[in-house]
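A.B. asks: 3D, please:
(2 chains)
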Amino acid sequence: MSLKPRFTSTVMARGRCKACWVTSGILLVILLSFWSLNLQWREFLAPDAMLKMGQFLMGFFPPETSPAFLAKTWTALLETLAMSALGTLLAALGGLMLALPASKTHADDSARAKPVVRLVLNALRSVPELVWASLLLIAAGLGPFPGTLALALHTTGVLGRLFAESIENAAPGPAFALRVRGVGEMRIFLYATLPQIWPQVISYTLYRWENNIRAAAVLGVVGAGGLGQMLSYHLGLFQMRETSTVLIGMIALVALVDGLSYVSRRWLDR
Amino acid sequence: MAAGLTFPALRDPAATGRLGALLVLAVLLWPLLVWTEFKPWELLDARSLKSTGKFLSSFVPARHDAEFLTLMAKETWRTVAIATAGLSLAFVLAVPLALLSTARLSISSLTGRMAAWPYGLRQAARWLAIVLRSVPELVWALIFVRVVGLGPTSGVIAIAIAYGGMLGKVYAEILEAGDAAPTQALLRNGAGRLQAFFYATLPQCGSELVSYTVYRWECAIRSSVVLGFVGAGGLGQQLDTAAKMFSGGEVSTILIIFMGLVALADRLSAWLRKALG
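C.D. replies: Below is the predicted model of the structure:
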């Protein structure tokens, strides 16, 4: 559609008005949210509530530092790390296995399973780890095992989709060269496609591992092992000094992961 | 299959290396399996299989009577409202943090190095954002539930604090990523910091700031569901209750609503980013 120059100003005004309609819509939703939630600001900001809050926070000091408790926290920290590592590894394997049927590898590929597998991946991905964990507790009982599985399920959805996209974006030449010589699909994937997407597979997996360490730290709140389980246990019993130690462990873990990822990204970008 | 290709001369030259790597991986994997109590066969023992089967079979049909669906509609709105209110408070928190911590609006650094006081202030604001962000929102919610009691207030505050830190940090990074020249030109000619911000910095990265904020709103909806698990109301709390009561029909309804909500938020945020960007 070609517009005469003198109309452009009105078109622009209309475009601007779309933005102002959208903005006023957003403001309305924000107002409605505050109004419908009837938040208890009075209870939160009143002087005695502040005092209570202050006392509550003072209870965190000093953190519990008996060697036995520190050892327990250390074990939980290792458990959190192990959960995230194993969950991510399982997810990388699962993601690779689902990524192949979820992608159209060449022009003649009918990709019949693609819509179904994509749907499964989306479903796995849209349910958060914590929700998976609370459902898996029923099948697997309390402990780090359901937490690991929950991380694996959610991450499989995420990685499967990313891997499928890398498979579809891989240069088709090597796979074509093997295909015209009658090599089977599995070996084409292993010897032509996988070597191409391998760097992406590794970097996506490491990126998700970083996310999963953060997720694993809080996953235990529903009873799925690691630092989170200790946190909700001690907080539930109002053992504030123990809670404080666990919190420090958790923050240190997250900060360490953030720092390492920042440093390694700087190093890779150089 | 191609039988003609398998003569001995065409063996995989990297086979030993790959095998070795797999072996090392297996040895490293062992402690992980022990620490996470990885016993998949426990899922398959008769008792656990029975309870899982019973739970899963109660998923169909999903509960869909009018009373339950009305409750769900209310809780879904609540989830969205917690995310929206939390994110708008986070925005209010993040803007001053970003303005304080961005080096772009420094007047002293126009002529050589930034002076000591402004530098200290900027670092302090930056570290505040990092600290607020590094405690997960679920932990903030757990703590606030102890102080203000169950209900949406703790969820809103948790999202406001955790996302406030996150937005503040990322806003400052976005402001610093743009071209410095226009802002510096205004500052050098005697414009105030806010004038320079509104007329030079903001027009440059406005759309990026908006699209990041909308993206975070989408994330906030997801985390507001999760916050329900510690008692902050909304869909998550309903899901937690339903799972604890083993009522599979309710669980499947809530899961379907939740997936729909996430997909909808995804679409809406893509559309908003286009409309506002």
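
A.B. asks: any idea of the pLDDT on the residue nearest the centre of chain A?
C.D. replies: The residue lying closest to the centre of chain A (CA atoms, centre = their mean) is A:Asn211, at 5.3 Å. Listed pLDDT for A:Asn211 reads 89.

A.B. asks: what separates the helix or strand that it is a member of from the chain centre, distance-wise?
C.D. replies: Element membership of A:Asn211, judged by DSSP states H and E, is helix A:194-219. Centre-to-centre, helix A:194-219 and its host chain are 10 Å apart (CA atoms, centre = their mean, to the nearest Å).

A.B. asks: Please apply the same query to stretch A:210-230.
C.D. replies: 12 Å.

A.B. asks: cool, and stretch A:33-41?
C.D. replies: On CA atoms, centre = their mean, the centre of stretch A:33-41 falls 29 Å from that of its chain.

A.B. asks: and if you look at stretch B:170-177?
C.D. replies: 19 Å.

A.B. asks: Please spell out which residues along that stretch are buried.
C.D. replies: B:Val170, B:Tyr171, B:Ala172, B:Ile174, B:Leu175, B:Glu176 (16 or more other CB atoms under 10 Å in any protein chain shown). Every residue, glycine included, has its C-beta placed from N, CA and C.

A.B. asks: Now for the first one: which residues touch it?
C.D. replies: It refers to B:Val170. Counting by CB atoms under 8 Å, 6 or more residues apart in numbering or on different chains, B:Val170 touches B:Tyr212.

A.B. asks: what's the helix or strand for it?
C.D. replies: helix B:152-177.

A.B. asks: which element follows that helix toward the C-terminus?
C.D. replies: Sequence order places helix B:181-188 as the next helix or strand after helix B:152-177, per DSSP H and E.

A.B. asks: I'd like to know how many residues surround B:Gly233.
C.D. replies: Residues near B:Gly233, counting by other CB atoms under 10 Å in any protein chain shown, number 23.

A.B. asks: what does the stretch 51-200 of chain B have sitting close to chain A?
C.D. replies: Residues of the stretch 51-200 of chain B lying close to chain A by CB under 8 Å from any CB of the partner chain are B:51-52, B:55, B:77-78, B:80-82, B:84-85, B:88, B:134-136, B:138-139, B:142-143, B:146-149, B:151-153, B:156-157.

A.B. asks: Which PyMOL command selects the buried ones in those?
C.D. replies: Selection command for PyMOL covering only the buried members of those, criterion 16+ other CB under 10 Å:
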select buried, chain B and resi 52+55+77+78+80+81+82+84+85+88+134+135+136+138+139+142+143+146+147+148+151+152+153+156+157
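
A.B. asks: Just checking, which helix or strand of chain B averages the lowest pLDDT?
C.D. replies: Lowest by mean pLDDT, DSSP states H and E among the helices and strands of chain B is helix B:46-57, with a mean of 80.

A.B. asks: For B:Ala83, give me its contacts.
C.D. replies: B:Ile159, B:Trp217, B:Ala220, B:Ile221, B:Ser223, B:Ser224.

A.B. asks: tell me which of those residues is nearest to B:Leu25?
C.D. replies: Nearest to B:Leu25 among those: B:Ser223, at 33.7 Å, using CB to CB.

A.B. asks: burial measure for the residue nearest to that closest one when sequence neighbours are not counted, as a count.
C.D. replies: Excluding the flanking residues, the one nearest B:Ser223 by CB to CB, 6 or more residues apart in numbering or on different chains is B:Glu137, at 5.5 Å. Burial of B:Glu137, expressed as a neighbour count using other CB under 10 Å, amounts to 27.

A.B. asks: Nice, that's everything, thank you.
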